[in-house]
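*Asks:* this one's sequence-less:
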């Protein structure tokens, strides 16, 4: 039998937000850590491959916050693949665009749930297959699935059978 205990010195109670693995989690949602964003904002233009790798590593950590991160960072990633390091205007534009996109990060995740009434229920693992599959879709497809499932519950049974096999 496993016994788990919480260490009181590591617990926080009645706080508006907490820092968790480089993110700040609050009632409004999940956002990036301000210290890491400050480091990105003051990052100098890289003149060596190691500095560029450091910048890309820091921005890649928050890639889920930036729409089309891969296409914005593509000139910088291509520069890493080359044998010689030549900083050109296209890479400079990508560097500045990535810096500005990082400073305008949105608050994610929890805002999508605010429009729905939901209750968290325990279900066996196999019953969660459809919910897990739907959680990987965008908000518009999730809305379509929810509308579809309320109109015809038999579709949910078909989806359960499809995802369980």
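*Replies:* All right, it came through fine. Given the structure is predicted, the values throughout are model-derived calculations rather than measurements.
*Asks:* Longest helix of the protein, counting residues only.
*Replies:* Selection of the longest helix in the chain by residue count, based on DSSP state H, yields helix 89-103.
*Asks:* That helix: which residues count as buried?
*Replies:* Buried positions in helix 89-103, judged by neighbour count with 16 or more other CB atoms under 10 Å: 91, 94, 95, 98, 99, 101, 102. The C-beta positions use only the backbone N, C-alpha and C, and glycine is treated the same way.
*Asks:* What is the nearest of these to residue 23?
*Replies:* Lowest distance from residue 23 to the buried residues of helix 89-103 (CB to CB) belongs to residue 102, with 13.8 Å.
*Asks:* is it true that the closest one touches residue 37?
*Replies:* Yes: the criterion here is CB atoms under 8 Å, and residue 102 meets it with residue 37 at 6.3 Å.
*Asks:* Next up, identify which helix or strand residue 73 is on.
*Replies:* Taking DSSP states H and E as the definition, one finds residue 73 inside helix 69-81.
*Asks:* what's the answer for residue 30, then?
*Replies:* Element membership for residue 30 (DSSP H and E) is strand 29-32.
*Asks:* Check which helices and strands that strand is in contact with.
*Replies:* Counting contacts by 3 or more CB pairs under 8 Å, 6 or more residues apart in numbering; DSSP states H and E, strand 29-32 is packed against strand 23-26, helix 110-113.
*Asks:* Just give me the lowest mean pLDDT stretch among those.
*Replies:* Summarising mean pLDDT across the helices and strands packed on strand 29-32, the least confident stretch is helix 110-113, with a mean of 51.
*Asks:* Residue 32 against residue 23, yeah?
*Replies:* Yes: A contact is recorded between residue 32 and residue 23 when judged using CB under 8 Å, the distance being 6.6 Å.
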